[in-house]
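J.: just a sequence and a predicted model for now, questions to come.
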Amino acid sequence: MIMEDDGGKMAPVSPSLHTTALISYSRDALISLNLHSTHLKPSVTPDPRWPTEILKENKRCSSRKRPRGKRAGVRNRLRARAHRATLPSILLANVQSLDNKLDDLRARIKFQRDIRDCNLLCFTESWLNPVVPNHAIQLAESLSVHCMDRTADSGKSRGDGVCVMVNNSWCNNANVVTLTRSCSPNLELLALKLRPFYLPRELISVIINTVYIPPQANMDTALCELHEALTQFQTQHRDAALIVVGDFNSANLKRAVPNLYQHVTFPTRGNRTLDNYYTPYKDS
């Protein structure tokens, strides 16, 4: 049996019946052993003639381990739940002719993850007419197209029109129902009811209203028509999340529907906020 003396050295001693351990070490002795034990860890240099499996395993073990955990921040959490968020992520744009923006939008969907993972793409001033088929403006196979093209009721031969594209990873096209398509000189409205794959327990569907109010329209008449449509949706679909997006120009929807909150807090054109996003949820 080996014991440590007062000088910190190891010395053999005779066995005793009162000994509770065969060997005991002090802290300093353990540190000393560790410092002098590097020769017990031979370094093996990989031989190129070794099998490929062994070389890969040796490289994996010697490489630096990836740190555990995830990046913090609201944006990163939303990216991780791209198609399982409480409310859908929406891209809203006034494209002023969707036809000549197709290449740019397709490139952005392909190379920009935030746009590719958007649940809804809402475009105003698509400048389309019923002659243009939906498949001609499809940006990706993962998107289903829903348009409200310019009609004779708008009193215009050029401009206007709204379009909504739904990400099929968020909501199957079979679960998309068109509630209304309205086109008048004062208001253009496309309302869709969607039942996505994931929703909070309190909600059973999402109603997305894409609006375009022309700058020369009668704003009071446009807001009155929009208020009537939204009130009808809120009455008939009490458990649905009501979302209103679009180009309102100088119209203020808060005057007509006070229980909605506007979430765009920065100028969208020049120093004015013309493109707005309204929901009944204050902090959404």
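T.: Yes, it's here. Numbering: from 1, shown residues only.
J.: who's in contact with the nearest residue to Pro267 once chain neighbours are set aside?
T.: Counting by Cβ to Cβ, 6 or more residues apart in numbering, Pro267 lies nearest to Thr273, which is 5.5 Å off, once chain neighbours are set aside. No exception for glycine: its C-beta is placed from N, CA and C like everyone else's. By Cβ atoms under 8 Å, 6 or more residues apart in numbering, the contact list for Thr273 reads 264-267.
J.: what backbone torsions are found at Thr273?
T.: Dihedral pair for Thr273: phi -100, psi 100, per degrees, to the nearest 10.
J.: quick check, pLDDT for it.
T.: pLDDT for Thr273: 87.
J.: please apply the same query to Asn58.
T.: At Asn58, pLDDT is 56.
J.: got it, and Gly73?
T.: 73.
J.: next one: Ala29
T.: Taking Ala29 on its own, its pLDDT is 82.
J.: ok, now Arg79?
T.: 75.
J.: re the thing from before, against Glu225, how distant is the residue nearest to Pro267?
T.: 22 Å (Cβ to Cβ, to the nearest Å).
J.: in the stretch 51-200 of the chain, which spans are helices?
T.: All helices of the stretch 51-200 of the chain, identified by DSSP state H, counting those that start in this stretch, fall at 52-62, 74-80, 102-111, 113-116.
J.: measure the closest residue to His146 other than its chain neighbours to Cys122 for me?
T.: Excluding the flanking residues, the one nearest His146 by Cβ to Cβ, 6+ apart is Val164, at 4.7 Å. Relative to Cys122, Val164 is positioned 5 Å away (Cβ to Cβ).
J.: list residues touching both of the two?
T.: With Cβ under 8 Å, 6+ apart, Val164 and Cys122 have common neighbours 208, 210.
J.: what is the least confident helix or strand in the chain?
T.: Ranked by mean pLDDT, DSSP states H and E, the helix or strand of the chain with the weakest confidence is strand 2-4, at a mean of 50.
J.: which one (most neighbours) among the contacts of Thr273?
T.: Val264 (14 neighbours; other Cβ atoms under 10 Å).
J.: SS state for that one?
T.: Three-state assignment for Val264 (DSSP: H, G, I helix; E, B strand; the rest coil): coil.
J.: pretty sure it contacts Asp275?
T.: Yes: if you go by Cβ atoms under 8 Å, Val264 and Asp275 touch, sitting 6.6 Å apart.
J.: follow-up on the earlier one: tell me the contacts of the residue nearest to His146?
T.: Neighbouring residues of Val164 by Cβ under 8 Å, 6+ apart: 120-123, 145-147, 190, 192, 208, 210.
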